[in-house]
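Enquirer: Turn this into a model:
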Amino acid sequence: MNQELYPQMPILLVDDEEAWLRSLSVFLRESTGMNNFIKCADSRQVMNILDNNDICLVLLDLTMPFFSGQDILRMIVSRHPSVPVIILSGLNQVETAVECLHLGALDYHVKTSEKERLIAGIQRAISIQQLRSENCSLKKGILNDKLETPEAFEQIISTSTKMRAVFRYCEAISRSSEPILITGESGSGKELIARALWKLRSPNAPLVAVNVAGLDDNVFSDTLFGHVAGAFTGADRERKGMIEEATGGTLFLDEIGDLSPQSQVKLLRLLQEGEFFPIGSDRPKKLKARVLFATNHDLDAKVAKGEFRKDLFYRLNTHHIELPPLRDRLEDLPLLLHHFLKEAAQTMGKKTPAVPRELVALLTTYDFPGNIRELRAMVFHAVSLHSSHVLSLDSFKEKIGYDADLNLKPAQETVIDDLTPITFPDRLPTIEEIGKHVVLEAIHRTGGNQTVAASMLGITRQALAKRLKKSLGNQTMNMPQATS
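Expert: Residues are numbered from 1 along each chain as shown. Below is the predicted model:
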């Protein structure tokens with residue numbers, strides 16, 4: 001099993017005493033799980049290392065031969081100002097500490113005291129560096145509009161601009177060790193995004209997924225933390241929890257909004273302390289996996305009702321990915337239809353049926369409360385009933401609530417305003433004027449996607465292009481506004 005490096009960029013340890021370098025690296029590994037270090041016992045090599053490596057933090061001794069720590073600090077601040085430096089000194093000298101901070105050091109610590117403060121300072125410096133890196137990645141993605149690792153998203157079928165923005169954000173935060181919260185309606189693709197984040201960061205390390213919905217506190221604890229032999233009746237042997245199984249990789253906790261209050265407390269402690277106790281053990285173990293969370297609940301609303309801990313919500317919400325529902329990315333309908341039709345036909349040993357032109361237009365009238373999962377189920381059902389060359393619309397009409405006369409049945413007692421007669425002005429518009437208005441409205445509703453708009457209108461894409469060219473060629477249209 002490959003162990004994931006933490007932090008992703010190495011920490012440079014600089015001290016002329018090699019025994020101290022070994023001791024410091026072992027202390028940090030055992031205390032924090034950090035395992036990515038570059039050790040330098042020769043002060044003359046420090047700048048060469050920085051010039052040729054991406055370093056997240058320098059822990060720098062002050063008293064060394066050749067170059068003093070203060071000399072090196074000046075050079076780092078001059079040539080690599082974005083790299084934070086923490087001074088580690090054997091002496092508690094206030095004047096020296098103040099001077100180092102004035103020169104640009106992030107912090108000053110005495111080697112032999114306040115180990116907990118040192119750990120907190122190092123973790124804070126790493127978090128700052130990660131935020132800087134994420135901000136740079138976000139700026140780069142926004143300016144370039146280009147994915148660096150598109151293969152990570154190959155399982156997600158989409159050309160939507162909203163989804164592309166999600167992909168760029170995923171790339172920007174993929175190296176972060178902070179929790180990532182993925183929200184979205186049921187069936188919108190949260191698990192696929194979690195898998196993409198895993199591929200972006202550690203595809204060769206384990207991905208462990210746990211659905212926590214319906215787990216009582218005891219089962220939750222045993223599933224995540226594991227137990228030692230004899231912890232309870234029937235525990236005749238030790239069992240690793242999912243946290244330990246995910247060591248070096250990614251732990252994905254789905255349906256986190258359904259977690260019981262007792263389990264929420266335990267999860268909060270895990271995230272705050274970075275450690276956990278297997279059931280029946282008094283020896284803590286370190287969390288050594290990146291943790292992803294997903295829910296289809298509105299956690300803000302659950303916090304307001306007292307159903308979800310506010311402090312846990314804030315801890316989960318360091319990075320937040322909100323997935324758009326299918327009804328907000330209708331431009332993906334033709335692609336998704338083609339993909340699911342091919343998948344269903346292969347699964348059932350049938351030829352892929354031809355898609356009637358009206359199908360996409362029909363589906364754009366539906367809200368898809370079950371999102372992509374619901375669309376897939378619709379397609380599989382239709383293909384299972386399919387027996388001719390062209391796919392029948394009947395099963396789709398039945399699923400979305402159309403009667404035999406193609407009238408939409410109001411679902412969930414909603415009022416369909418589109419059925420209200422349109423009121424026209426005194427001068428009745430011509431057919432040509434109405435045509436222009438409908439064409440432009442179709443383009444507006446589909447976000448500019450001509451393929452979907454053409455399907456909605458029941459014409460070919462080429463015919464729509466001609467109508468658009470004709471309509472948009474006029475600077476002004478004598479077109480009265482219809483009112484409902």
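
Enquirer: Checking Ala294 next. Helix, strand or coil?
Expert: Following DSSP: H, G, I helix; E, B strand; the rest coil, Ala294 is assigned to strand.

Enquirer: now the helices: where do they sit in the stretch 1-150 of the chain?
Expert: 18-32, 46-52, 69-79, 94-103, 115-144 (DSSP state H, counting those that start in this stretch).

Enquirer: Let me have these in TSV, extended by mean neighbour count and mean pLDDT.
Expert: In this view, the C-beta of every residue, glycine as well, is placed from N, C-alpha and C. TSV is the format used below for the helices of the stretch 1-150 of the chain (neighbours: other C-beta atoms under 10 Å; pLDDT from 0 to 100):
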stretch	mean neighbour count	mean pLDDT
helix 18-32	15	89
helix 46-52	15	94
helix 69-79	17	91
helix 94-103	13	86
helix 115-144	15	75
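
Enquirer: so which of the ones you listed gets nearest Ser177?
Expert: helix 115-144 (6.8 Å; C-beta to C-beta).

Enquirer: ok, Arg117 - contacts?
Expert: Arg117 makes contact with His109, according to C-beta atoms under 8 Å, 6 or more residues apart in numbering.

Enquirer: repeat that for 10 Å
Expert: Asp107, His109, Val110 (C-beta atoms under 10 Å, 6 or more residues apart in numbering).

Enquirer: Looking at the residues you listed, which is nearest Arg445?
Expert: Among those, and counting by C-beta to C-beta, the member closest to Arg445 is Asp107, at 55.8 Å.

Enquirer: number of nearby residues for that closest one?
Expert: 19 (other C-beta atoms under 10 Å).

Enquirer: That one is in contact with Glu114, isn't it?
Expert: No: with contact defined as C-beta atoms under 10 Å, Asp107 does not reach Glu114; the gap is 11.0 Å.

Enquirer: who touches both of these two?
Expert: Ala120, Gly121.

Enquirer: from the contacts of Arg117, which ones fall inside strands?
Expert: Asp107, His109, Val110 (DSSP state E).

Enquirer: so which of these comes closest to Gln93?
Expert: Val110 (9.1 Å).

Enquirer: which residues pair with the closest one across the strands?
Expert: Beta-bridge partners for Val110, by DSSP bridges, are Ser89.

Enquirer: burial count for Thr347?
Expert: Neighbours around Thr347, by other C-beta under 10 Å: 11.

Enquirer: Can you read off the pLDDT for the closest residue to it other than its chain neighbours?
Expert: Of all residues not flanking Thr347 in the chain, Phe380 sits nearest, at 7.6 Å (C-beta to C-beta, 6 or more residues apart in numbering). Looking at Phe380, its pLDDT reads 95.

Enquirer: so what's Phe380 up against?
Expert: Phe340, Leu341, Glu343, Ala344, Ala345, Thr347, Met348.

Enquirer: Sketch out the low-pLDDT regions of the stretch 351-484 of the chain for me.
Expert: 402-425, 446-447, 451-452, 455, 472-484 (pLDDT under 70).

Enquirer: make it 50
Expert: The stretch 351-484 of the chain contains residues with pLDDT under 50 at 404-420, 474-484.

Enquirer: which ones are touching Glu18?
Expert: Contacts of Glu18 (C-beta under 10 Å, 6+ apart): Lys39, Cys40, Ala41.

Enquirer: Of these, which is the nearest to Arg201?
Expert: Distances from Arg201 to the contacts of Glu18, taken by C-beta to C-beta, are shortest for Lys39, at 25.2 Å.

Enquirer: ok, that closest one to Thr161 distance?
Expert: 47 Å (C-beta to C-beta, to the nearest Å).

Enquirer: next one: Val383
Expert: For Val383 relative to Thr161 (C-beta to C-beta), the value is 30 Å.

Enquirer: When these two are compared, which one has more neighbours?
Expert: Taking neighbours as other C-beta under 10 Å, Val383 and Thr161 compare with Val383 leading, 22 against 14.

Enquirer: And for Ile86, the neighbour number?
Expert: For Ile86, using other C-beta under 10 Å, the count is 20.

Enquirer: per-residue confidence at it?
Expert: Looking at Ile86, the pLDDT reads 92.

Enquirer: Now do the same contact list for it.
Expert: With C-beta under 10 Å, 6+ apart, Ile86 has these contacts: 11, 57-60, 100, 105-109, 118, 121-122, 124-125.

Enquirer: Closest to Asn317 out of those residues?
Expert: Arg124 (19.0 Å).

Enquirer: still on that earlier bit, could the contacts of Arg117 be laid out in TSV, adding pLDDT and distance to Leu251?
Expert: Listed next are the contacts of Arg117 as TSV, based on pLDDT from 0 to 100; distance: C-beta to C-beta, whole Å:
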residue	pLDDT	distance to Leu251
Asp107	88	31
His109	87	32
Val110	85	36
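
Enquirer: Tell me the one of those residues nearest Asn449?
Expert: Among the contacts of Arg117, and counting by C-beta to C-beta, the member closest to Asn449 is Asp107, at 52.9 Å.

Enquirer: what sits against the closest one?
Expert: By C-beta under 10 Å, 6+ apart, the neighbours of Asp107 are 84-88, 97, 100-101, 117-118, 120-122, 124-125.

Enquirer: if you set the cut-off to 8 Å instead, what comes out?
Expert: By C-beta under 8 Å, 6+ apart, the neighbours of Asp107 are Ile86, Ile87, Leu101, Gly121, Ala125.

Enquirer: likewise Pro65?
Expert: Asp16, Ser43.

Enquirer: how about the strands in the stretch 151-300 of the chain?
Expert: 180-183, 207-211, 226-227, 239-240, 250-254, 275-276, 285-286, 290-295 (DSSP state E, counting those that start in this stretch).

Enquirer: Which one of those lies nearest to Pro324?
Expert: strand 180-183 (10.9 Å).

Enquirer: Which residues outside that closest one are in contact with it?
Expert: 173, 190, 193-194, 197, 256, 290-297, 299, 316-323.

Enquirer: repeat that for 6 Å
Expert: Lys190, Ile193, Leu292, Phe293, Ala294, Thr295, Leu316, Asn317, His319, His320, Ile321, Glu322 (C-beta atoms under 6 Å, 6 or more residues apart in numbering).

Enquirer: mind listing what's buried in it?
Expert: By neighbour count, with 16 or more other C-beta atoms under 10 Å as the criterion, the buried positions of strand 180-183 are Ile180, Leu181, Ile182, Thr183.

Enquirer: Redo those residues as a markdown table? Include pLDDT and distance to Pro65.
Expert: What follows is the buried residues of strand 180-183, written out as a markdown table (pLDDT from 0 to 100; distance: C-beta to C-beta, whole Å):
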| residue | pLDDT | distance to Pro65 |
| --- | --- | --- |
| Ile180 | 94 | 45 |
| Leu181 | 96 | 50 |
| Ile182 | 97 | 52 |
| Thr183 | 97 | 55 |
